[in-house]
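J.: Only the shape, not the letters, is given here:
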DNA sequence: GAGTCTCTCAGCCTTTTGGCTGATACGGCT
DNA sequence: AGCCGTATCAGCCAAAAGGCTGAGAGACTC
């Protein structure tokens, strides 16, 4: 059986060489290229056509991981893409899977888990770290959590620390309307105070 | 000249092997041990007495990096400790330097930067990544922003969305005291509402 | 021993927030 | 035409948060 070719994408050199060393212990896995950015990743995929792309979502400058996944899948469906990232945010998971990622691993995954995820990805199996899976599951179980555009807008401003009055002014609506929207947002997020709403919003989304 | 002995501390195996591979390219740097937790790090220091400890601050379970730095410095001052972490939060930098770290590098630092930081640390020089340095500088310029331990504790709970009453219960203090602390925190953070305090706290610190 | 910092608590008053009920208007879907 | 989701607004009331002043206890420093 011919070896599985892998492209590593991460803006941290240390993580790339760590992964390279780790995968090097497996005779059937060959790292054939590395990339430090989304743009570079697309070039390498074009040139080398790896079987699997192992990608970090958080990339310093330029195109982010999600966008890179989407573009790679757009022009070439033969690669399996595995997300390999440090932090797990609900929004990222959903967006990555949506963009076409085959699996989602956290960086503290056990080596065996990583190997089998790569091997599985080639065969079309999707793998995810247990904590990731449970989050995704929860996300899918609560479809009522989807905010309307207006609510999302409000929530976003809410995380800037604005008061109801300021929110109203900013959105050209009355304070009464602000309160109505907030009540709906709280219900959907499952919280009771604006403080909790802000906390969950910032932590859940990549809002920073 | 005898080589510089190094202990790597990081809960991610991938980062450890990446660093090991990277440092392996330098004849004068010898990685003599690795540790995946604060506790383990202390044991390794005791056993092997490395010249330099390269440590990640964010460690999954158990003792965190800051605490590990403090304890290592307490019982043995001959090690130089270098912080090597992914994210830079203002509070972490101050706390790490306070605990006795000789330098503070971000994981996307260039290899040369890492090497020279390690070599410099042995000679008592402190090194930090430019973005880190500028943050620290800013922090020192605003000394009024430094929260007391109790205030930091409160702020941390605040970001979970607790009410004043809940905060009081959790910390075994009256609601009146909670309000006093909050007023001080708001003043130091330059905000006027708990919402804004939560927003700035979560975004500024690495609180997730 | 006086000054400073930190943590603790109280009372009083204003503003803000949140819960509830009910209402109008617009657009899309059946 | 009727229904539903979304966005808009109002009034009322209770709870929470925030501003202010004042104050005592313990620790640490000069």
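T.: Done, it's in. No experiment lies behind these values; they were computed from the predicted model shown. Numbers count the residues shown, from 1 in each chain, chains lettered A, B, ... in the order given.

J.: Where does residue A:155 sit, in terms of helix or strand?
T.: Per DSSP states H and E, residue A:155 falls inside helix A:149-158.

J.: what about that helix and chain B, touching?
T.: Yes - among the residues of helix A:149-158, residue A:158 lie within reach of chain B under C-beta under 8 Å from any C-beta of the partner chain. (Glycine included, C-beta is placed from N, CA and C.)

J.: Mean pLDDT per helix and strand in chain A: which one sits at the bottom?
T.: Ranked by mean pLDDT, DSSP states H and E, the weakest helix or strand in chain A is helix A:130-141, scoring a mean of 50.

J.: Contact residues of chain A facing DNA strand C?
T.: Contacts of chain A with DNA strand C, taken as C-beta under 7 Å from any atom of the strand, map to A:163, A:164, A:165, A:179, A:180, A:182, A:183, A:186, A:192, A:193, A:194, A:195.

J.: hmm, 10 Å instead?
T.: By the rule C-beta under 10 Å from any atom of the strand, the part of chain A lying against DNA strand C is A:158, A:161-168, A:175-180, A:182-187, A:191-198.

J.: from the middle of its chain, how far away would the helix ranked longest in chain A be?
T.: When chain A is parsed with DSSP state H, its longest helix is helix A:175-189. How far helix A:175-189 lies from its chain's middle: 28 Å, per C-alpha atoms, centre = their mean, to the nearest Å.

J.: which parts of it are buried?
T.: By 16 or more other C-beta atoms under 10 Å in any protein chain shown, the buried positions in helix A:175-189 come out as A:177, A:178, A:181, A:182, A:185, A:188, A:189.

J.: That helix vs chain B: in contact?
T.: No - contact of helix A:175-189 with chain B (C-beta under 8 Å from any C-beta) is absent, the minimum separation being 10.1 Å.

J.: what angle sits between that helix and helix A:149-158?
T.: 90 degrees (axes from the mean of the first three to the mean of the last three C-alpha atoms, to 10 degrees).

J.: Leaving out chain neighbours, which residue sits closest to residue A:14?
T.: Distances taken as C-beta to C-beta, 6 or more residues apart in numbering or on different chains place residue B:18 nearest to residue A:14, at 3.9 Å, with adjacent residues excluded.

J.: Output the contacting helices and strands for the strand or helix carrying residue A:53.
T.: Element membership for residue A:53, per DSSP H and E: strand A:52-55. Counting by 3 or more C-beta pairs under 8 Å, 6 or more residues apart in numbering or on different chains; DSSP states H and E, the packing neighbours recorded for strand A:52-55 are strand A:4-9, helix A:38-48, helix A:65-75, strand A:80-85, helix A:111-122.

J.: List the neighbouring strands of it plus their orientation.
T.: Sheet pairing of strand A:52-55 (DSSP bridges) gives strand A:4-9 (parallel), strand A:80-85 (parallel).

J.: what's next to the last one, contact-wise?
T.: Contact with strand A:80-85 is made by A:10, A:19, A:51-58, A:65, A:69, A:72-73, A:92, A:96, A:100-107, A:109, A:114, A:117-118, A:121-122, A:124, A:127, as judged by C-beta atoms under 8 Å, 6 or more residues apart in numbering or on different chains.

J.: Which members of those residues additionally contact DNA strand D?
T.: Within these, nothing lies near DNA strand D by C-beta under 10 Å from any atom of the strand.

J.: I figured residue A:158 hits residue A:199, correct?
T.: No - Residue A:158 lies out of contact with residue A:199 (C-beta atoms under 8 Å); the separation is 10.8 Å.

J.: which residue sits closest to residue A:47 in space, ignoring its chain neighbours?
T.: The nearest residue in space to residue A:47 (C-beta to C-beta, 6+ apart) is residue A:33, at 7.5 Å.
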